[in-house]
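Asker: Quick check, what structure comes out for this input:
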Amino acid sequence: MARYIFITGGVVSSLGKGLASAALGALLQARGYRVRLRKLDPYLNVDPGTMSPFQHGEVFVTDDGAETDLDLGHYERFTGVNATRGDNITTGQIYKTIIEKERRGDYLGATVQVIPHVTDEIKRFVLSDPGEGVDFVLVEIGGTVGDIEGLPFFEAIRQLGQQLPRGHACYIHLTLLPYIKTAGEMKTKPTQHSVKELRSIGIQPDILLCRCEQPIPAGERRKIALFCNVRESAVIQAMDSANIYGVPLDYHAQGLDAEVLEVFGMTDAPAPDLARWQEISYRLQNPDGEVNIAVVGKYTGLTDAYKSLVEALIHGGVANNVRVRFNWIEGESFEGQEESLIAERLTDVHGVLVPGAFGDRGSEGMIQAVRFAREHEIPYFGICFGMQMAMIEAARNLAGIKAASSTEFGPTSEPIVGLMTEWVRGNEREVRGLGDNLGGTMRCGAYDAVLAPDSRVAAIYGATAISERHRHRYEVNIDYRAAIEAAGLKFSGLSPDGVLPELCERADHPWFVGVQFHPELKSRPFDPHPLFASFIGAAKERSRLV
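Answerer: Numbers count the residues shown, from 1 in each chain. Have a look, this model is predicted:
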């Protein structure tokens, strides 16, 4: 039977529970164990799909089409284990399930309450089959202890600690140890209060993972252990790492994985093989040059909205042994501007990337960025919305279709982009996602594509059949293929039925590729996505020329 590790947070949010969970999972893997990671989110939204990127950051999409918390991206990148819709649940999903059961009469007239019905549903999710041979299930509880919306989740994991076989549950609490510069002291009181709050609801942490700016003095470590009722060795120092892929190494050096195994009585566990983590950390800290990538998007004020994209670009940098510098540009800043301003922002960059987005805000500025990259032979990568903007730019400026636009932006006589139901008739296609509240047209999850054998993208992938994760409502209109291809932008990848354009490229450009899917979701530090590796490789080549 799998053992369960529950990771909670205290004092303040944004301490890095997701990263800590992923790093611990990686360390257990390095010792030869099989792991699965899950996330419990206390918010009432059914999933983050309808939440603003400015509030929630990126929506991470799984192969089976679930729209999940961005922490699942950390889980996948650190462990290589593909997440599913069974690895992320919210209060909204829990209550939706319970209400549906109540309406069907499943509770046989009983009064439906938080305890036991809500907590039982949470426990059912946590204990759902993690897969064959899994040794550890790591369960991260979103939010901070003391938040009212998190109480049912804390109560559920408290109950699980009693219901699981003895020695099969471990509680890790992530806290903050602030350093007061004027006093020259590290303060343990916030951690003490956070643990007191956790213990008041019946959970005694086994391990404290303490985020801090300075090393923890021996006296403070003893004080924390004494007042929080944990072993002194279980007070784990968690300072900032040189890069996120150095976190497993740092946590191992502080004894986190050893302490977890001690809790389970697994003192004879094999030593971890950390060679690949040492290699990736070394390469990130010792690059051979750097490239400057302009990301022209809509949510650049919060880079968490592009978390997987940032990491995939870094992975591409690792593949080419270069450091990636980011030049964040709001698409709106290019709208109505003179060519000189655009040139000022883009001339010296080594690559331009337009990422996924929804809505028309900033779209004209992104089209300007596409045009500039095309005309000045700067490597261009268009992802989802970025591919659509490349299609519109080619239609307007090269194919003479001046009214070219997307129906997402309003009525248009030349719908280069639109809902696939606007032109695909009588073709029953599987559409997964947000449901009737947004028209039931969200295309989420893994879909196949067929690449032209003589295309650049086929050479990059080393294959003509691929599967990639999607998240979008609008598609490029295949009816415009002839006109756009005549303008030099080739449709180099299509859905297996030949109806939906999936990839495009220019043969008359050093590197110009657009994709309808989100390749960043499948990139890993040890297995960089081939498109990102190739894009950064082209940017590296340009860096030698400018």
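Asker: need the contact list for the most far-flung residue of the chain relative to its centre.
Answerer: Most distant residue from the mean C-alpha position of the chain: residue 109, 41.7 Å away (CA atoms, centre = their mean). For residue 109, no residue counts as a contact, taking CB atoms under 8 Å, 6 or more residues apart in numbering as the criterion. In short, each C-beta sits where N, CA and C put it, glycine included.
Asker: so where does it fall, helix or strand?
Answerer: Under DSSP states H and E, no helix or strand contains residue 109.
Asker: Just the pLDDT for it.
Answerer: According to the prediction, residue 109 has pLDDT 90.
Asker: That one and residue 498, how far apart?
Answerer: 55 Å (CB to CB, to the nearest Å).
Asker: and if you look at residue 304?
Answerer: Using CB to CB, we find residue 304 at a distance of 37 Å from residue 498.
Asker: Tell me which of the two has more neighbours.
Answerer: residue 304 (14 against 11; other CB atoms under 10 Å).
Asker: Tell me the pLDDT of the more buried one.
Answerer: Reported pLDDT for residue 304: 87.
Asker: Quick one: residues contacting it.
Answerer: Neighbour list for residue 304: 53, 57, 58, 70 [criterion: CB under 8 Å, 6+ apart].
Asker: which residues does the second one contact?
Answerer: Shown here is residue 57, whose contacts under the criterion CB under 8 Å, 6+ apart are 70, 302, 304, 305, 307.
Asker: Over to the third one?
Answerer: With contact set as CB under 8 Å, 6+ apart, residue 58 has these partners: 70, 73, 304, 305, 306, 307, 308, 309.
Asker: likewise the last one?
Answerer: Taking CB under 8 Å, 6+ apart as the contact definition, residue 70 lies against 18, 56, 57, 58, 59, 60, 304, 307, 308.
Asker: Of those residues, which one scores lowest on pLDDT?
Answerer: Scoring the contacts of residue 70 by pLDDT puts residue 56 last, at 77.
Asker: And the nearest residue to residue 388 once chain neighbours are set aside, how close does it get to residue 473?
Answerer: Distances taken as CB to CB, 6 or more residues apart in numbering place residue 417 nearest to residue 388, at 4.6 Å, with adjacent residues excluded. Going from residue 417 to residue 473 by CB to CB gives 10 Å.
Asker: One more: residue 276?
Answerer: Residue 276 sits at a distance of 38 Å from residue 473 (criterion: CB to CB).
Asker: Pick out whichever of the two has more residues nearby.
Answerer: residue 473 (20 against 14).
Asker: Phi, psi for that one please.
Answerer: Dihedral pair for residue 473: phi -110, psi -30, per degrees, to the nearest 10.
Asker: How confident was the prediction at the residue lying closest to residue 487 once chain neighbours are set aside?
Answerer: In this structure, residue 487 finds its nearest non-sequential neighbour in residue 398, 3.5 Å apart by CB to CB, 6+ apart. Residue-level confidence at residue 398 comes out at 96, pLDDT.
Asker: Check the one 4 residues further on too.
Answerer: What the model reports as pLDDT for residue 402 is 95.
Asker: residue contacts, it?
Answerer: residue 396.
Asker: Next: residue 72.
Answerer: Neighbour list for residue 72: 37, 39, 60, 62, 83, 87, 88 [criterion: CB under 8 Å, 6+ apart].
Asker: What's the separation between it and residue 41?
Answerer: 10 Å.
Asker: Now the common contact residues for these two.
Answerer: Listed as contacting both residue 72 and residue 41 by CB under 8 Å, 6+ apart are residue 88.
Asker: so how many other residues sit close to the closest residue to residue 62 other than its chain neighbours?
Answerer: Of all residues not flanking residue 62 in the chain, residue 83 sits nearest, at 5.0 Å (CB to CB, 6+ apart). Applying other CB under 10 Å, we find 25 residues neighbouring residue 83.
Asker: now the one 10 residues further on
Answerer: Residue 93 is surrounded by 18 other residues when neighbours are defined as other CB under 10 Å.
Asker: Is it located within a helix, as I assumed?
Answerer: Yes: under DSSP: H, G, I helix; E, B strand; the rest coil, residue 93 sits within a helix.
Asker: what residues are up against it?
Answerer: Residues near residue 93 by CB under 8 Å, 6+ apart: 46, 47.
Asker: how about a cut-off of 7 Å?
Answerer: Residues near residue 93 by CB atoms under 7 Å, 6 or more residues apart in numbering: residue 46.
Asker: Tell me how far it lies from residue 59.
Answerer: Applying CB to CB to residue 93 and residue 59 gives a distance of 15 Å.
Asker: Kindly report the same for residue 475.
Answerer: The gap separating residue 475 from residue 59 is 19 Å, by CB to CB.
Asker: just the strands in the stretch 251-400 of the chain please.
Answerer: Applying DSSP state E, counting those that start in this stretch to the stretch 251-400 of the chain gives strands spanning 290-297, 323-330, 351-354, 380-383.
Asker: neighbours around the closest residue in space to residue 79 that isn't next to it in sequence, how many?
Answerer: Leaving aside its sequence neighbours, residue 79 sits nearest to residue 25 (CB to CB, 6+ apart; 4.8 Å). Look at residue 25: counted by other CB under 10 Å, it has 26 neighbours.
Asker: now swap in residue 414 and tell me
Answerer: As a burial measure, residue 414 scores 17 neighbours (other CB under 10 Å).
Asker: Go ahead and confirm it touches residue 406.
Answerer: No: with contact defined as CB atoms under 7 Å, residue 414 and residue 406 do not form a contacting pair (9.9 Å).
Asker: low-scoring pLDDT stretches of the stretch 201-350 of the chain, where are they?
Answerer: Within the stretch 201-350 of the chain, not a single segment meets pLDDT under 70.
Asker: show me where it has helices.
Answerer: For the stretch 201-350 of the chain, the helices defined by DSSP state H, counting those that start in this stretch occupy 218-228, 247-253, 256-263, 275-285, 307-320, 339-346.
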